[in-house]
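Engineer: Sequence and predicted model, in that order:
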Amino acid sequence: MSDLVGAPRITILVDNKANDGLLAEHGFSVWVEVAGRRLLFDTGQGPALAGNPGKLGVALHAADTLVLSHGHYDHTGGVSLVIDSAPAAHVYCHPAVTTPRYAIRNGAARPIGMPESARSALEWVPPERLHWTTRPIEVAPGIGLTGPIPRLRAYEDVGGPFFVDGEGKHSDPIDDDLALWIRTDRGLVVVVGCSHAGVINTLKYAQRLSGGSRIHAVLGGFHLGEASETRVARTMGALTALGPDLIVPCHCTGELAVDKLRQTLGERVRLGSAGATYTFDGDDR
């Protein structure tokens, strides 16, 4: 477990907020350049991914790896675009990403699963390049995927009224939720999609898989928008104990939770947006 990689460069391509000249949407996608690899983590809903990368100097056709954190539409809507652009890319995701999914609020069911276009695109990926990720895996030395994340903290639930049926009879545990971790000489850099397994469960598991590396940075959605005050408080306490140098809340974290993060952890918290780049070379920005 001694492999370290050079300074990763991570660019947010899709987020709920965007820098000038870029499209914002309710979704998430990041571009990761590290150790000669070019990984795309999630794809947003699709429209923002169609335009933002070119404006940021990112060539989607150069992607060698596509990782899907889970099977919601706002993370998988651009799958067909990516597979068309980079047909040789290896795809990593849990088999449950194609499960039909619903959010039910006020008695109304809304489908939130992977779009049919994305499901069809996955069917065209050759078996040798489609990796159903049901356990931890290192896609390259020092670069790993958690696979399904153990849910060890009772205060961390999936973050909303999610079901696998439109009648609301069967809760969705979102077992396909996974994260990306990169072992650097400054500590572990962890990229999360929505943290449906819980951001603390995720970070602790990434630490375990990486051989106990300290957390240097975490970037992505924390899904605390509907969290109770108790959960938010316990999350802040656990993050404080973990002591990451950089926290970049994005997408589904929730404005109140972001404010609490800033109050608790100060300048270490930097609000993410499409167009933001983090280099982890001694000058994170």
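Structural biologist: Cool, got the structure.

Engineer: List the residues that contact residue 174.
Structural biologist: Neighbour list for residue 174: 70, 158, 162, 196-197 [criterion: Cβ atoms under 8 Å, 6 or more residues apart in numbering]. Glycine gets a C-beta too; all of them are placed from N, C-alpha and C.

Engineer: which residues does the closest residue to residue 160 other than its chain neighbours contact?
Structural biologist: Of all residues not flanking residue 160 in the chain, residue 226 sits nearest, at 5.6 Å (Cβ to Cβ, 6 or more residues apart in numbering). Counting by Cβ under 8 Å, 6+ apart, residue 226 makes contact with 159-160, 254.

Engineer: how close does residue 226 get to residue 180?
Structural biologist: According to Cβ to Cβ, to the nearest Å, residue 226 and residue 180 sit 25 Å apart.

Engineer: got it, and residue 72?
Structural biologist: From residue 72 to residue 180 the distance is 17 Å (Cβ to Cβ).

Engineer: Pull the residues that contact the helix or strand hosting residue 109.
Structural biologist: Residue 109 belongs to strand 108-111 when assigned by DSSP states H and E. With Cβ under 8 Å, 6+ apart as the test, strand 108-111 has contacts from 73, 100-104, 163, 166-168.

Engineer: how many neighbours does residue 85 have?
Structural biologist: 18 (other Cβ atoms under 10 Å).

Engineer: try residue 125
Structural biologist: Residues near residue 125, counting by other Cβ under 10 Å: 17.

Engineer: Skipping adjacent residues, who's closest to it in space?
Structural biologist: residue 91 (5.4 Å).

Engineer: Pull up the pairing partners for the helix or strand containing the one you found, direction included.
Structural biologist: Assigned by DSSP H and E, residue 91 belongs to strand 90-93. Its sheet considered, strand 90-93 pairs with strand 65-67 (parallel), strand 130-132 (parallel) by DSSP bridges.

Engineer: quick one: contacts of it?
Structural biologist: 64-68, 71, 83, 122, 125, 129-133, 137, 139, 145, 176, 178.
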